[in-house]
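Enquirer: Predicted model and sequence follow; I will ask about them next.
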Amino acid sequence: MSESSKPTTHSNPLTDHLFAALKRNPKRIVFTEGEDERVVRVAAQLVALEVAVPILLGNRARIQAIAVNLNVSLMFVKVLDPRDSSDLDLFCKRLEKMERYRGRVAAETRDVMVKPHNFAAMMLQYGQADAMVSGNQANPAIIYRALMQFIKKSPHTPRLFSVVAMASEELQHFGSEGMLFLADCGVNPEPSVEDLAGFAVETGKLAEHFMGHTPKVAMLSHSTHGTMPTTSSKRVAAATVLARDLAKRQRVNIEIDGELQADVALDMAAAEVKLKDARAAKSADVLVFPNLDSAHIAFKLLEHVGGAKMYGHLLCGLSRPAAQVPKTVTEESLLGTAALVGVEAIKYRDLYPDGEIV
């Protein structure tokens, strides 16, 4: 193994858990923008850690040249160019079938399917990859469009939304175990009451899968339990009630509280003063924000000012695991994000061993 291929991970409670889970059950992870030095290095690290089988989409010669220049081995890394893939014709036929089902006529199917995001989404839908990571060189809208067109929706989630997982062992009040899950950080500008309730339950279930125990979910607001009864805070309070009912109907054991100010959700000293009851005994693990502005600003500040490690966005509401990373993603974040979707793929296979959504 070359020096460039050796793992360069920064250990934290979240990634330690993810890598341990994947060592027991490695997954095939497709990267849509494989002609990127960061992706090539991360692919080699995934192999070195023995946690995944990476699939890099792109021009084979260019990817191999990048690896040579970096002194990185592509051993056990699959490099695939959609333009000369043996599956291209099959995927084109499947696209034609999809379009007929939707009452449309498929046009230029080959041009559509050679686009890496579309090709990867089709791989994911038909079981040729277990999870997908995209966005390091593409705009989010392109990724969302491909996933929504080719991946079946989850029957349990109201709409597509994103979750960012963060970890820090230095910052104070950073969840109960040095990790936080934030939603919705990338998709819906003004989620409805029903949306917020769905995001709370689904993110709670996601956190439980990654953490291994029942999380506490906080529905955030500028108000705590009616201290500032505005239209916005009342909407979050209503979403909290609906989320609890939804969790009960799904028989999910998640503690959900709201509406809560951020200090009450995370700082138990503040919670003890403002709540004065048993709910002040535990810090939140999941933060559900009232809108996209607040969520996006919060995670960017935690990452770029606070120094917290950021992984994601994990895209929820789909029947297959996928993530959209920012163009500025670091190799460490890209590696952790790949581990996130890989572990989510383990859950999918446990729930649906035949590969189908009920």
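Expert: Perfect, I can see it now.

Enquirer: Can you tell me how far M75 is from A48?
Expert: Distance from M75 to A48, counting by Cβ to Cβ, to the nearest Å: 10 Å. Glycine gets a C-beta too; all of them are placed from N, C-alpha and C.

Enquirer: So which of the two has more stuff around it?
Expert: Neighbour totals were compared for M75 and A48, and A48 leads with 18 against 11 (other Cβ atoms under 10 Å).

Enquirer: which other helices and strands contact the lengthiest helix in the chain?
Expert: Secondary structure of the chain per DSSP state H: the longest helix is helix 331-351. Applying 3 or more Cβ pairs under 8 Å, 6 or more residues apart in numbering; DSSP states H and E, we find helix 331-351 packed against helix 13-24, strand 27-31, helix 37-49, strand 52-57, strand 131-134, helix 193-211, strand 309-316, strand 322-324.

Enquirer: so which of these gets nearest V112?
Expert: V112 lies closest, by Cβ to Cβ, to one member of these: strand 52-57, at 14.8 Å.

Enquirer: So what touches that closest one?
Expert: The set of residues external to strand 52-57 that reach it, using Cβ atoms under 8 Å, 6 or more residues apart in numbering, is 22, 26-34, 39-40, 42-43, 46-47, 63, 76-82, 116, 119-120, 123, 129, 338-339, 342.

Enquirer: quick one: contacts for the residue nearest the centre of the chain?
Expert: In the chain, the C-alpha nearest the mean C-alpha coordinate belongs to L314, at 1.0 Å (Cα atoms, centre = their mean). Residues in contact with L314 (Cβ under 8 Å, 6+ apart) are S162, V163, V164, A165, L206, P321, A322, A323, T337, L340, V341, E344.

Enquirer: For the second one, grab the count of nearby residues.
Expert: Residues contacting V163 under the criterion other Cβ under 10 Å number 27.

Enquirer: Check the fifth one too.
Expert: Residues near L206, counting by other Cβ under 10 Å, number 21.

Enquirer: I figured it hits C316, correct?
Expert: Yes. Counting by Cβ atoms under 8 Å, L206 does reach C316; the two are 6.8 Å apart.

Enquirer: Need the residues touching each of these two.
Expert: V163.

Enquirer: who's in contact with the closest residue to M75 other than its chain neighbours?
Expert: Spatial nearest neighbour of M75, chain neighbours left out: V47 (6.7 Å); criterion: Cβ to Cβ, 6 or more residues apart in numbering. Shown in contact with V47 (Cβ under 8 Å, 6+ apart): S5, V53, P54, S73, M75, F76, V77.

Enquirer: Quick check: the gap between V47 and A129.
Expert: Using Cβ to Cβ, V47 is found at 16 Å from A129.

Enquirer: picking up where we left off before, now the contacts of L314 in a markdown table, please, with extra columns for distance to D87.
Expert: What follows is the contacts of L314, written out as a markdown table (distance: Cβ to Cβ, whole Å):
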| residue | distance to D87 |
| --- | --- |
| S162 | 28 |
| V163 | 30 |
| V164 | 32 |
| A165 | 32 |
| L206 | 30 |
| P321 | 20 |
| A322 | 19 |
| A323 | 22 |
| T337 | 25 |
| L340 | 26 |
| V341 | 21 |
| E344 | 24 |
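
Enquirer: Of these, which is the most crowded?
Expert: Neighbour counts for the contacts of L314 (other Cβ under 10 Å) peak at A322, which has 30 neighbours.

Enquirer: follow-up on the earlier one: nearest to D111, of the contacts of L314?
Expert: Nearest to D111 out of the contacts of L314 is A322 (Cβ to Cβ; 22.4 Å).
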